[in-house]
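# the sequence isn't on hand, but the structure is:
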């Protein structure tokens, strides 16, 4: 899984920030590693946009093999809180999205599965 960190002109990007984002993302969604090709992380500080939940914004987009990209965002008072909040939301969204993929696979087994009597999966009626 590749993690790309992007910032706007209001964020001072440095090695420590990249490492923090990478650690948080890996801790949250590392278990999905083989199913996710790329995570794009966009950080911004919307100082002009006053909001009750904070001006710092973190948007994460995970590209999942066999599924549409999963996108979440979080606003918070600090950049680190926004990164942690977005990572938590991404974990929940991926649990749901990848769970749906697995459910779909269970409902439509591939033809290569054979029943005990040698009949093909297409002949098996599922409950």
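The structure has been received and is ready for your questions. Small disclaimer: the values here were computed from a predicted structure and weren't measured.

# list the helices and strands the lengthiest helix in the chain packs on?
Counting residues, the longest helix found in the chain (DSSP state H) is helix 79-107. Counting contacts by 3 or more CB pairs under 8 Å, 6 or more residues apart in numbering; DSSP states H and E, helix 79-107 packs against helix 15-29, strand 36-45, strand 56-64, strand 70-76. Quick note: C-beta positions are derived from backbone N, CA and C, even for glycine.

# what comes up buried for it?
79, 81-87, 89-91, 93-94, 97-98 (16 or more other CB atoms under 10 Å).

# could you check the angle that helix makes with strand 36-45?
150 degrees (axes from the mean of the first three to the mean of the last three CA atoms, to 10 degrees).

# for helix 79-107, what is the distance to the chain centroid?
5 Å (CA atoms, centre = their mean, to the nearest Å).

# taking strand 70-76 as reference, get the angle to it.
160 degrees.

# mean confidence for stretch 66-75?
For stretch 66-75, mean pLDDT rounds to 93.

# buried set for it?
Those would be 70, 72-75, for stretch 66-75 by 16+ other CB under 10 Å.

# closest one of the residues you listed to residue 55?
residue 75 (7.3 Å; CB to CB).

# what's the spacing between that closest one and residue 99?
27 Å (CB to CB, to the nearest Å).

# please apply the same query to residue 70.
12 Å.

# what is the least confident helix or strand in the protein?
Lowest by mean pLDDT, DSSP states H and E among the helices and strands of the chain is helix 79-107, with a mean of 83.

# taking the buried residues of helix 79-107, tell me the two that lie furthest apart.
79 and 98 (27.7 Å).

# pretty sure residue 8 is touching residue 45, no?
Yes. Between residue 8 and residue 45 there is a contact at 7.5 Å, judged by CB atoms under 8 Å.

# out of these two, which sits in the more crowded spot?
residue 45 (18 against 12; other CB atoms under 10 Å).

# that one is in contact with residue 76, isn't it?
No. Residue 45 is beyond contact range of residue 76, at 10.8 Å (criterion: CB under 8 Å).
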